[in-house]
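S.K.: model this:
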Amino acid sequence: MFNVWEAKTVKSTQRRTALAAGIITLSALGAPLMAQSGRSQEPAQRGGPPAQDTPWILVTTFASSDRQLGVQAADELRKRLQVEHSAKELAVVTRNSVNSTLETSGYRPDSSLSTSDLMELGRQLHGEYVVDGKVTRMGNGVKVDARLLMRTGQQIVAQPLPVTNARDAGDAAKIVEKSISDALKQIPAYKDCLAALRAAKYDEAAMRARAGVGAYPNAAWSRVCLLNAYTLNKNTAPDSIISVSNQILAIDPSSLLALSNLADAYKSKGDKDKAIEINLRIYRLDPSNQAIAQSIVQELAQSGAPDKALPIIDSLMASNPGDPAMIKTKWLLQLRIGRFKEALRTGEELVKVDTASATVDYFNRQIGAAQSDNNNPKITEYASKASQKFTREISFPLLLAQTYRRTGQLQDAMHAATKATVIDPRDTRGWQLAIVTANDLNQPDSALALAQRALASGADRSQIAPTMLAPVNAAVKKAQASKARGDWQEALKAAELVDGVAASPETKFFIGVSSFQIAADILSGVQPLVKSTRAADRATACNGAKEAEGYLAKTSIAMPAGGKVDAAVAGQILGNVANYNDFVSQVKKAFCK
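M.R.: All right, here's what the predicted structure looks like:
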């Protein structure tokens with residue numbers, strides 16, 4: 001994931017550029033020990049001039065709330081190093097060289113530098129090792145936190161030193177120097193490890209790294225080399241990487257290299273919870289690093305913990321609130337974890353800063369969020385906007401029609417459904433919504449006309465027919481309740497209208513039932529008349545028999561096909577039709593002369 005040790009930079013890029021330029025000028029004048037003319041000369045380090053391969057160590061002002069104490073701590077350590085080491089063993093970059101370079105670059109000589117500036121200064125002054133120190137006054141003494149920094153390729157690797165508590169800066173320098181000398185015992189094996197890594201001899205590199213740990217048990221550098229050997233060797237088990245990563249973190253809790261490899265190892269083992277925990281540690285270590293934060297957000301989003309990524313996104317957006325990519329990531333995460341109200345607001349913010357984000361997918365997601373939130377006004381708003389923008393996309397007017405029907409806005413529903421039928425006349429859904437809405441508006445003639453247009457446009461007949469049955473069902477139920485002949489006649493009319501457009505067993509069944517009920521009602525009025533001798537009653541009986549005969553004929557024709565809906569009812573009705581036909585024949589024979 002991350003292959004470099006990083007720290008926060010507190011100096012400006014402009015000053016760092018000046019620092020580099022100043023040091024280059026100084027380097028061109030001579031060796032790192034050269035001072036500006038007019039400065040007092042420092043005592044030469046014992047042992048004569050450094051050899052060509054002698055390593056140099058750079059010490060600058062320690063970070064401290066007491067600037068003078070920071071200068072003093074650095075001076076004392078620099079002197080102590082010069083006393084304890086010959087120039088041929090470990091050369092110390094002089095105070096004059098450091099100060100003149102800082103002044104040339106626009107820094108005060110007593111400045112405490114950021115990690116990046118320290119490493120730039122070390123690079124230009126040939127400092128193979130750089131001391132990064134902090135000194136704090138504690139009661140009657142001082143506390144020193146220090147670490148050695150070294151650049152290996154593109155990596156900056158840190159070797160933390162034990163915390164030092166002493167009476168004063170001079171005593172602290174003695175202890176810190178001893179810690180530095182101990183830490184440097186790992187260097188020969190560490191360099192052998194690096195050489196083996198470059199030769200892709202990973203087993204040998206691991207062996208050399210372990211030798212470095214043996215020389216200095218608190219070795220961070222050698223363990224970093226061991227970690228690199230493990231990660232480059234594809235046969236290394238994740239548990240081995242976890243073990244050495246945790247060893248490094250026990251020494252240097254701020255090692256991003258160890259943390260990132262630890263997270264990857266847990267991920268490869270399938271331990272998502274541990275991977276998430278480590279990723280959050282990485283973020284908390286340096287919240288200002290956007291590259292790391294964005295990478296962690298992606299990791300968290302894919303690992304099943306998107307809710308833990310949201311605070312990180314918010315922190316990133318605090319410094320760059322109008323970043324469309326971050327807003328979109330936040331929106332998608334909110335949708336994923338079901339924070340629909342928040343997602344609606346974030347989505348609206350997204351299209352404000354990036355109008356191109358208002359795609360079909362955007363509207364579909366916003367509509368889905370509004371539906372999950374049971375927010376009908378928002379559903380209508382988004383579907384309406386999308387319908388206006390994407391005029392050939394049928395899903396939006398269809399959704400509008402459904403939403404308007406659900407909220408009782410039938411005229412608006414009819415308008416939206418009709419728009420859908422125009423976009424794609426062969427799509428049955430628009431026609432179905434329009435027909436049902438016409439029925440709801442008590443406009444059966446309009447519903448029939450819409451059905452005829454749907455079929456003429458190529459809509460699926462099998463889907464249109466059931467939609468048209470709704471008013472027929474309603475009419476039959478009304479007639480069953482009232483038992484009025486007029487209502488049964490309305491039911492028959494509705495059934496025959498639908499049957500003429502889209503015949504089906506259901507339409508035949510309703511025709512058979514309705515026509516039989518009408519015939520039965522007519523014959524119930526004829527029956528008392530057959531005993532009358534009055535000419536008018538005899539004529540009425542004749543006319544009633546003939547009228548009933550016509551309805552019974554409709555029943556006989558329709559009900560065999562309608563029997564597929566309810567065979568028992570159909571059989572019962574057809575049996576009664578035979579009896580009624582006998583009665584009709586007798587009445588006609590007796591009274592129709």
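
S.K.: any idea how far apart the tips of stretch 264-280 sit?
M.R.: End-to-end distance for stretch 264-280, by CA to CA, to the nearest Å: 13 Å.

S.K.: got a list of contacts for that stretch?
M.R.: 1, 238-239, 241-242, 245, 259, 262-263, 296, 299-300, 303-305, 308 (CB atoms under 8 Å, 6 or more residues apart in numbering). Glycine gets a C-beta too; all of them are placed from N, C-alpha and C.

S.K.: out of these, which is nearest to Leu197?
M.R.: Nearest to Leu197 among those is Ile241, at 15.3 Å by CB to CB.

S.K.: and the next helix or strand past the helix or strand hosting that closest one?
M.R.: Element membership for Ile241 (DSSP states H and E) is helix 238-251. Toward the C-terminal end, the helix or strand that comes next after helix 238-251 (DSSP H and E) is helix 256-269.

S.K.: in that following helix, what counts as buried?
M.R.: Leu256, Leu257, Ala258, Leu259, Ser260, Asn261, Leu262, Ala263, Asp264, Ala265, Tyr266, Lys267 (16 or more other CB atoms under 10 Å).

S.K.: with stretch 101-115 instead?
M.R.: Buried, per 16+ other CB under 10 Å, within stretch 101-115: Thr101, Leu102, Thr104, Ser105, Tyr107, Ser111, Ser112, Leu113, Ser114, Thr115.

S.K.: can I assume the first one is in contact with Gly127?
M.R.: No - in terms of CB atoms under 8 Å, Thr101 does not count as a neighbour of Gly127; the distance is 11.3 Å.

S.K.: joint contacts of those two?
M.R.: Both Thr101 and Gly127 are in contact with Leu121, where contact means CB under 8 Å, 6+ apart.

S.K.: pull the residues that contact stretch 175-191.
M.R.: 57, 77, 80-81, 84-85, 90, 129, 131, 133, 144, 146, 148, 159, 161-162, 164, 166, 208-209, 211-216, 218-219, 221-222, 225.

S.K.: gap between the two ends of it?
M.R.: With CA to CA as the measure, stretch 175-191 spans 25 Å from end to end.

S.K.: just the mean pLDDT for it, thanks.
M.R.: Averaged over stretch 175-191, pLDDT sits at 97.

S.K.: could you list the buried residues of that stretch?
M.R.: 175-177, 179-180, 182-187, 189-190.

S.K.: number of nearby residues for Tyr551?
M.R.: 24 (other CB atoms under 10 Å).

S.K.: quick one, strands of the stretch 451-593 of the chain?
M.R.: Per DSSP state E, counting those that start in this stretch, the stretch 451-593 of the chain carries no strands over any range.

S.K.: and for the chain?
M.R.: With strands called from DSSP state E, the chain shows them at 56-59, 91-92, 127-138, 141-152, 155-160, 164-166.

S.K.: any idea which of these is most buried?
M.R.: Ranked by mean neighbour count, the strands of the chain are led by strand 91-92 with a mean of 26 (mean count of other CB atoms under 10 Å).

S.K.: quick one: distance of it to the chain centre.
M.R.: How far strand 91-92 lies from its chain's middle: 53 Å, per CA atoms, centre = their mean, to the nearest Å.

S.K.: report the mean per-residue pLDDT for it.
M.R.: 95.

S.K.: how about stretch 457-470?
M.R.: 85.

S.K.: residues in contact with the closest residue to Arg147 other than its chain neighbours?
M.R.: Computed as CB to CB, 6 or more residues apart in numbering, the closest residue to Arg147 that is not its neighbour in sequence is Pro160, at 4.5 Å. Applying CB under 8 Å, 6+ apart to Pro160 gives the contacts Ala146, Arg147, Ala220, Ile251, Asp252.

S.K.: against Leu149, how distant is Pro160?
M.R.: As judged by CB to CB, to the nearest Å, Pro160 and Leu149 stand 10 Å apart.

S.K.: and the helix ranked longest in the chain, what does it pack against?
M.R.: Using DSSP state H, we find that the single longest helix of the chain is helix 535-562. Contacts defined by 3 or more CB pairs under 8 Å, 6 or more residues apart in numbering; DSSP states H and E place helix 535-562 against helix 505-526, helix 567-591.

S.K.: out of these, the one nearest Trp488 is which?
M.R.: Checking these against Trp488 by CB to CB gives helix 505-526 as the closest, at 4.6 Å.

S.K.: quick one: buried residues of that closest one?
M.R.: Neighbour counts over helix 505-526 (16+ other CB under 10 Å) mark 506-523, 526 as buried.

S.K.: how much does it deviate in direction from helix 535-562?
M.R.: Inter-element angle recorded for helix 505-526 and helix 535-562: 160 degrees (by axes from the mean of the first three to the mean of the last three CA atoms, to 10 degrees).

S.K.: show me what helix 505-526 is packed up against.
M.R.: Applying 3+ CB pairs under 8 Å, 6+ apart, we find helix 505-526 packed against helix 461-482, helix 485-501, helix 535-562, helix 567-591.

S.K.: pull it out as PDB, backbone CA atoms only.
M.R.: Extracted as PDB, the C-alpha positions of helix 505-526 are listed here (Å, rounded to 0.1, in the frame of the first residue of the first chain):
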ATOM      1  CA  PRO A 505     -61.800 -16.400 -20.600                       C
ATOM      2  CA  GLU A 506     -62.500 -13.700 -18.000                       C
ATOM      3  CA  THR A 507     -64.400 -11.500 -20.400                       C
ATOM      4  CA  LYS A 508     -66.400 -14.600 -21.600                       C
ATOM      5  CA  PHE A 509     -67.200 -15.600 -18.000                       C
ATOM      6  CA  PHE A 510     -68.400 -12.100 -17.100                       C
ATOM      7  CA  ILE A 511     -70.600 -12.000 -20.300                       C
ATOM      8  CA  GLY A 512     -72.100 -15.400 -19.400                       C
ATOM      9  CA  VAL A 513     -72.800 -14.500 -15.800                       C
ATOM     10  CA  SER A 514     -74.200 -11.000 -16.600                       C
ATOM     11  CA  SER A 515     -76.400 -12.200 -19.500                       C
ATOM     12  CA  PHE A 516     -77.700 -15.100 -17.400                       C
ATOM     13  CA  GLN A 517     -78.600 -12.800 -14.500                       C
ATOM     14  CA  ILE A 518     -80.500 -10.500 -16.900                       C
ATOM     15  CA  ALA A 519     -82.400 -13.400 -18.500                       C
ATOM     16  CA  ALA A 520     -83.300 -14.800 -15.100                       C
ATOM     17  CA  ASP A 521     -84.600 -11.400 -13.900                       C
ATOM     18  CA  ILE A 522     -86.700 -11.000 -17.100                       C
ATOM     19  CA  LEU A 523     -88.200 -14.500 -16.700                       C
ATOM     20  CA  SER A 524     -89.000 -14.000 -13.100                       C
ATOM     21  CA  GLY A 525     -91.300 -11.200 -14.300                       C
ATOM     22  CA  VAL A 526     -92.700 -13.400 -17.100                       C
END
